[in-house]
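S.K.: only geometry, no sequence info:
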């Protein structure tokens with residue numbers, strides 16, 4: 001259902017209502033925008049296939065298989081009540097264990113799953129390409145997540161690998177509601193997840209999102225990759241090899257504060273060996 005933007009008066013969105021309405025109509029075949037009513041926004045969708053989850057790097061669906069690094073796809077609680085994962089973690093056991101009440105499926109290719117039960121969910125129909133227009137979802141889904149968490153819900157955001165599309169939605173939420181900047185949001189996620197790698201196009205839109213909602217020049221810059229001079233990477237990927245002392249629990253709490261603005265200085269960069277953007281791969285099952 002496309003939201004009625006003509007009557008929307010929500011500030012800080014960065015677009016005029018008319019322009020955004022035209023944009024959403026253009027992308028209506030790919031973008032499914034939930035409405036403003038949280039209860040109505042998430043509907044139990046009849047599943048079209050079940051996932052056969054395994055601890056290895058392949059998750060099989062009816063007619064489709066996904067090559068996934070199971071280590072990177074593990075389910076992680078980023079802040080209390082907000083979880084992220086890849087397809088290998090989509091099973092009834094995890095839903096019950098973490099008491100998931102709502103699921104945001106950030107993919108185009110993963111179907112709704114009967115095996116997950118009657119959990120309320122929405123699907124964003126996003127492809128993991130630099131050309132995919134994710135911007136309207138960054139604020140809309142951030143607001144939905146905040147409303148659900150404030151109401152005591154447990155929200156799971158997933159894609160295929162759990163490193164790009166779902167990570168982008170979570171970064172947007174953290175930037176708007178939990179952290180003082182996109183850089184701090186990334187650092188918080190990187191402490192919890194083994195790999196956080198939105199594609200370059202998503203990074204560009206996340207940077208624009210931060211500039212709009214924070215009214216700032218932006219805390220993350222795209223810089224030239226020293227290993228590949230024709231390639232740009234966000235500077236949060238660049239880490240020094242000099243050992244840094246571990247942060248105390250108190251220092252980490254200053255960065256997140258579970259819903260409060262963070263006033264501490266930007267944390268020092270840490271070495272991360274993996275710099276490559278990892279697209280979420282899908283192949284037809286034989």
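M.R.: Arrived safely. Quantities reported herein were computed from a predicted structural model and do not represent experimental measurements. Numbers count the residues shown, from 1 in each chain.

S.K.: ranges for the strands of the stretch 1-150 of the chain?
M.R.: 58-61, 64-67, 76-79, 82-85, 102-105, 120-123 (DSSP state E, counting those that start in this stretch).

S.K.: now the helices: where do they sit in the stretch 101-250 of the chain?
M.R.: 135-150, 165-173, 182-192, 200-214, 249-256 (DSSP state H, counting those that start in this stretch).

S.K.: out of those, which gets nearest to residue 127?
M.R.: Among the helices of the stretch 101-250 of the chain, helix 165-173 comes nearest to residue 127, with 8.3 Å by Cβ to Cβ. All C-beta atoms are positioned from the backbone trio N, CA, C, and that covers glycine.

S.K.: and the closest one, which residues are buried?
M.R.: Neighbour-count burial for helix 165-173 flags 165-173 (criterion: 16 or more other Cβ atoms under 10 Å).

S.K.: make a markdown table out of these and add distance to residue 201 and pLDDT.
M.R.: Below are the buried residues of helix 165-173 laid out as a markdown table (distance: Cβ to Cβ, whole Å; pLDDT from 0 to 100):
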| residue | distance to residue 201 | pLDDT |
| --- | --- | --- |
| 165 | 11 | 98 |
| 166 | 15 | 98 |
| 167 | 13 | 98 |
| 168 | 10 | 99 |
| 169 | 14 | 99 |
| 170 | 17 | 99 |
| 171 | 14 | 99 |
| 172 | 14 | 99 |
| 173 | 19 | 99 |
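
S.K.: need the max-distance pair from those.
M.R.: Spatial extent of the buried residues of helix 165-173 (Cβ to Cβ) is set by the pair 165 and 173 at 13.4 Å.

S.K.: about what we covered before: residue 147: which of the buried residues of helix 165-173 is nearest?
M.R.: Nearest to residue 147 among these: residue 173, at 11.2 Å, using Cβ to Cβ.

S.K.: enumerate every residue touching the nearest residue to that closest one once chain neighbours are set aside.
M.R.: Of all residues not flanking residue 173 in the chain, residue 142 sits nearest, at 4.3 Å (Cβ to Cβ, 6 or more residues apart in numbering). Residue 142 makes contacts with 169, 172-173, 175-177, as judged by Cβ atoms under 8 Å, 6 or more residues apart in numbering.

S.K.: now render those as JSON lines, adding distance to residue 128.
M.R.: Listed next are the contacts of residue 142 as JSON lines, based on distance: Cβ to Cβ, whole Å:
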{"residue": "169", "distance to residue 128": "12"}
{"residue": "172", "distance to residue 128": "16"}
{"residue": "173", "distance to residue 128": "19"}
{"residue": "175", "distance to residue 128": "20"}
{"residue": "176", "distance to residue 128": "22"}
{"residue": "177", "distance to residue 128": "24"}
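
S.K.: and which of these is nearest residue 154?
M.R.: Closest approach to residue 154 among the contacts of residue 142 (Cβ to Cβ): residue 173, at 14.0 Å.

S.K.: any idea how far the closest residue to residue 201 other than its chain neighbours is from residue 154?
M.R.: Take residue 201 and drop its neighbours on the chain: the residue closest to it by Cβ to Cβ, 6+ apart is residue 130, 3.0 Å away. For residue 130, the distance to residue 154 (Cβ to Cβ, to the nearest Å) stands at 31 Å.

S.K.: right, I'll call it a day here.
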